[in-house]
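[1] Below are the sequence and a predicted model for it; my questions follow.
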Amino acid sequence: MRSITDNHQPGIGTWKSTLGNRQPAIAFAVVAAFLTIVPAILWGIPSNLDLTNHFRFALPFYDAMAAGDLYPGWLAESNGGYGDPSFRFYPPALYYLLAVSRFVIGNWYGATLVVFVMITIAGALGMYFWARSILSSSGASWAAFFYALAPYHLNQLYQATLLAEWAGSAVLPFVFGFVDRVCERGRRRDVAGLAATYGLLMFTHLPLAVIGSMALLVYSIVKVRELRKLAKLALGGVLGLSVSAIYWVTMVSEVRWIGVNQIQRDSSVDYRVNFLLSTFSPENLNVWWMNIMALMTLMLFTPALLMLFGRLQTIVGAALRGRPSVPLQTGVATEGHPYTTPVTALTIFAIFMSTPLSWPVWMMLRPLQETQFPWRWLVLISMGGSILAAAGLPLLWNGVRAKRMVVLGAMAISVAFTLSHVVREAQYFPPQKFETMVTDVRGSSCVNYWYPIWARTDARKMSTEVEANGRAVTVTSWNPEHRKFSVAAGPATEARIRTFYYPHWTATSEAGILPARPDKDGALLVSLPANATSVQLDFREPRKTKMSTMSSLSGLIIIGMLAVPFSRRRRHD
């Protein structure tokens, strides 16, 4: 079996000189990716409804970190001050990156552009990293090139503004790359890399983590031939789950406390109406547009179809002659087929999962249903297709001129469509308009997913933080997760707090813990004694949060230990 460190793969050498050695190949991948972000640098931040939702998160997340809270648990300013628990359910990696960039750059517009450039380049490097375990250095650079131009990948940023999914799409290729390296070399630091990148994927985008986990399982089953390597892959996955436990333990244990599309239900996010090719009607614009994205993806990756068709010809021809299948001697890239078989299987599986053919699988797996959109599998199709297209390029160069022109024409149509309709027709926010959006988004309402189940979207507006049925109230401090107020003597009653009820809110006074419950619209009610009292209201994390934090720290320590190189000294007789 070829070592992944080998600088030459049979059959690729004839075109390896296109870019030279590894450094120019990496530079080519980075430059190609950077060019795709130039429109945002020149024209502004691509905008869509999801952009405001991301910054509804990012602003208070930054404020909490600036105040010393490195992992906030309650988004206090949303919903007109009632807050919501969305920090507990949405992976935080993107917001850490935005917050750190905001601290360094000094403004949100510049910080966002820097983050966009970082994610774009990381995606290209991730695809190069994975493809390099299969193709030559130059072949891997072409895989990164294809991925940078993949219609769905650009659509994530420029049209849909699916920033967290887009960021996860930059992490996932690294995970596959480390799977290959564990299977090929099985070194400790390869296992550490798999664990770290898989944990980062969990921290970045949950739907893509669910989809990616299924894809990784299929890819590993096709690729692994030894039980020992399978055990190392499992160890990497377990460590990845361990290091991300601080997020997913809370999410899994508390998801029953939020609306999850049960309040003002949105039928458009039901997975059953979002399969590719399920409809060609413009009534469902999501599917209609994604069908076009799928077609443009297919046209961009026509070199991959060329390679697969050549392989099929070989198999059929060998069967007709009664001989074992052997690679074609024409078309040098076909000698690499054994290495691309797992990628081919992955891509076919991703296509299957994105279409109505996979409906029975979706019916059986509830976590898969919660990813909402089967067309998200276009991420995996784009990744696998990029590698297969790069592997098929030699067939294009060495093929019949007429066939070459047809393939290049299809690719040109795909690129032209993507640049003109996905990139050029995006709505851009220049600096002033972007900063206005950032100002206006504070305190806005969350999407229906994040409302606590006790809450209503039309909760009564309050002019003060606390109402106590006529008793005088003095607020002494009002922080996102810690509040203090004093109430004058009067009839025993309940104080209404401008905060949605959530089980982790704990009210205490001099006499101890005060009973708390939700009002009919979800506002927090705290029972008050008749005498004057001081109330401290704290958002207290449960014991499981401390345990999951320890699990994450332990996972980080183990990953660090596996990543540190060491050499064994040989004893000489």
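    Everything's here; your move.
[2] And the helices in the stretch 351-500 of the chain?
    With helices called from DSSP state H, counting those that start in this stretch, the stretch 351-500 of the chain shows them at 359-364, 366-369, 378-398, 401-417, 431-440.
[3] Quick check: buried residues in the fourth one?
    Right, helix 401-417. Arg404, Val407, Ala410, Met411, Ser414, Phe417 (16 or more other C-beta atoms under 10 Å). Glycine gets a C-beta too; all of them are placed from N, C-alpha and C.
[4] Which residues are in contact with the fourth one?
    It refers to Met411. Met299, Leu300, Thr302, Pro303 (C-beta atoms under 8 Å, 6 or more residues apart in numbering).
[5] What is the burial count for the last one?
    Read it as Pro303. 28 (other C-beta atoms under 10 Å).
[6] Thought Val407 was touching it, still the case?
    Yes: using C-beta atoms under 8 Å, Pro303 is in contact with Val407, at 6.3 Å.
[7] Quickly list what's touching both of these two.
    Jointly contacting Pro303 and Val407 under the rule C-beta under 8 Å, 6+ apart are Leu396.
[8] Name the SS class of Pro503, please.
    coil (DSSP: H, G, I helix; E, B strand; the rest coil).
[9] which regions of the stretch 301-450 of the chain sit below the pLDDT cut-off?
    308-338, 399-400 (pLDDT under 70).
[10] my read: Ser253 touches Arg543, true?
    No: using C-beta under 8 Å, Ser253 makes no contact with Arg543, being 11.2 Å away.
[11] who's more crowded, the two?
    Ser253 (14 against 7).
[12] Past the one helix or strand the more buried one maps to, which element shows up next along the chain?
    Taking DSSP states H and E as the definition, Ser253 sits inside helix 245-254. Downstream of helix 245-254, the next assigned helix or strand under DSSP H and E is helix 285-300.
[13] ok, residues contacting that next one?
    Residues contacting helix 285-300 (C-beta under 8 Å, 6+ apart): 146, 149-152, 155, 159, 268, 273-282, 305, 354, 373, 375, 378, 381-382, 385, 389, 410-411, 413-415, 417-418.
[14] Which other helices and strands does the helix or strand where Ile348 lies contact?
    In this assignment (DSSP H and E), Ile348 forms part of helix 337-354. Packing contacts for helix 337-354, counted by 3 or more C-beta pairs under 8 Å, 6 or more residues apart in numbering; DSSP states H and E, involve helix 206-223, helix 302-321, helix 378-398.
[15] Need the CA coordinates for that helix. CSV is fine.
    The C-alpha trace of helix 337-354 is given here as CSV (Å, rounded to 0.1, in the frame of the first residue of the first chain):
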residue,chain,number,x,y,z
HIS,A,337,-8.5,3.8,-8.5
PRO,A,338,-7.8,1.6,-5.5
TYR,A,339,-7.1,4.7,-3.4
THR,A,340,-10.2,6.6,-4.6
THR,A,341,-12.6,3.7,-4.0
PRO,A,342,-13.5,4.9,-0.4
VAL,A,343,-14.1,8.4,-1.7
THR,A,344,-16.3,7.1,-4.5
ALA,A,345,-18.3,5.1,-2.0
LEU,A,346,-18.6,8.1,0.3
THR,A,347,-19.8,10.3,-2.6
ILE,A,348,-22.4,7.8,-3.8
PHE,A,349,-23.6,7.4,-0.2
ALA,A,350,-23.9,11.2,0.1
ILE,A,351,-25.9,11.4,-3.1
PHE,A,352,-28.2,8.6,-1.9
MET,A,353,-28.8,10.4,1.5
SER,A,354,-29.7,13.6,-0.2
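[16] Show me what counts as buried in that helix.
    337, 339-340, 342-347, 349-351, 353-354.
[17] Serialize those residues to CSV and add fields for distance to Ala489.
    Formatted as CSV, these follow (distance: C-beta to C-beta, whole Å):
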residue, distance to Ala489
His337, 84
Tyr339, 79
Thr340, 78
Pro342, 74
Val343, 73
Thr344, 77
Ala345, 74
Leu346, 69
Thr347, 72
Phe349, 69
Ala350, 67
Ile351, 70
Met353, 64
Ser354, 65
